[in-house]
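> predicted model follows, preceded by the sequence.
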Amino acid sequence: IHIGQAGIQVRNACCELYCLEHGIQPDGQMPSDKTVGGGDDAFNTFFSETGVGKHVPLAVFVDLEPTVIDEVRTGTYRQLFHPELLISGKEDAANNFARGHYTIGKETVDFCLDRICKLADNCTSLQRFLVFNAVGGGTGSGLGSLLLERLSVDYGKKSKLGFTVYPSPQVLTSIVEPYNSVLSTHSLLEHTDVAVLLDNEAMYDICRHS
């Protein structure tokens with residue numbers, strides 16, 4: 001589950017690597033000389049094969065405004081994703097935890113859970129959810145927290161792994177990022193089994209020097 005700008009951009013960047021690793025083409029097809037699937041547990045963890053032989057990621061993208069998801073819809077791997085799993089609204093959370101959690105996000109969360117439920121029903125043995133988001137912005141922090149809370153209610157026995165980008169003083173895009181982070185950390189502590197915390201500035205330095 002990829003929430004907000006950071007969560008979606010992380011997945012968008014990794015998508016090419018996943019496909020290269022498993023030999024999947026940008027349209028979801030696999031070259032005729034390759035056979036992967038059936039017995040490959042690693043492959044079936046991240047991809048599902050449709051009836052026409054297309055391999056689609058087991059992923060849901062959620063954002064309260066369409067800009068970042070539109071990059072996925074028009075990008076190189078646009079044919080890889082099912083349109084129903086690219087969920088975007090028309091109004092963002094404006095870097096405000098409360099808007100993402102209590103107002104705009106609250107109007108969206110049931111639709112998101114419906115899509116997640118359909119995806120989960122197609123899994124042969126659902127074990128856990130991987131949640132990617134940043135807690136500096138309004139969507140990643142507010143809607144991210146709300147989704148975690150609802151997943152705990154609907155899928156209480158399934159573990160949740162969070163990959164969470166935390167803001168850094170040197171690369172802040174909004175003065176309220178620390179407040180959003182503090183407000184969303186409670187849900188991370190309460191509703192994730194494992195949380196991998198990523199420092200925004202550290203990742204920025206890695207990208208800059210590599």
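Alright, I've got the coordinates.
> CA atoms for contacts and neighbours, from now on please.
OK.
> all the strands of the protein, in order from the start?
Counting by DSSP state E, the chain has strands at residues 2-3, 47-49, 55-57, 61-63, 86-88, 128-134, 159-166, 194-199.
> what mean pLDDT does the longest one get?
This means strand 159-166. When pLDDT is averaged along strand 159-166, the result is 96.
> likewise the third one?
For strand 55-57, the mean per-residue pLDDT is 89.
> ditto for the fourth one
When pLDDT is averaged along strand 61-63, the result is 97.
> then the last one?
What strand 194-199 shows for mean pLDDT is 94.
> pull out the buried positions in it.
Buried residues in strand 194-199, counting neighbours by 16 or more other CA atoms under 10 Å, are found at residue 195.
> same for that strand, what does it pack against?
The helices and strands touching strand 194-199, judged by 3 or more CA pairs under 8 Å, 6 or more residues apart in numbering; DSSP states H and E, are strand 159-166.
> most centrally placed residue in this structure?
Nearest residue to the geometric centre of the chain (CA atoms, centre = their mean): residue 2, 1.0 Å.
> quick one: that one and residue 23, what's the gap?
As judged by CA to CA, to the nearest Å, residue 2 and residue 23 stand 23 Å apart.
> ok, back up a step: okay, the strands of the chain, which one's buried deepest?
Among the strands of the chain, strand 61-63 has the highest mean neighbour count (mean count of other CA atoms under 10 Å), at a mean of 28.
> what are the pairing partners of that strand, and which direction each?
Paired strands of strand 61-63, with direction, are strand 2-3 (parallel), strand 86-88 (parallel) (DSSP bridges).
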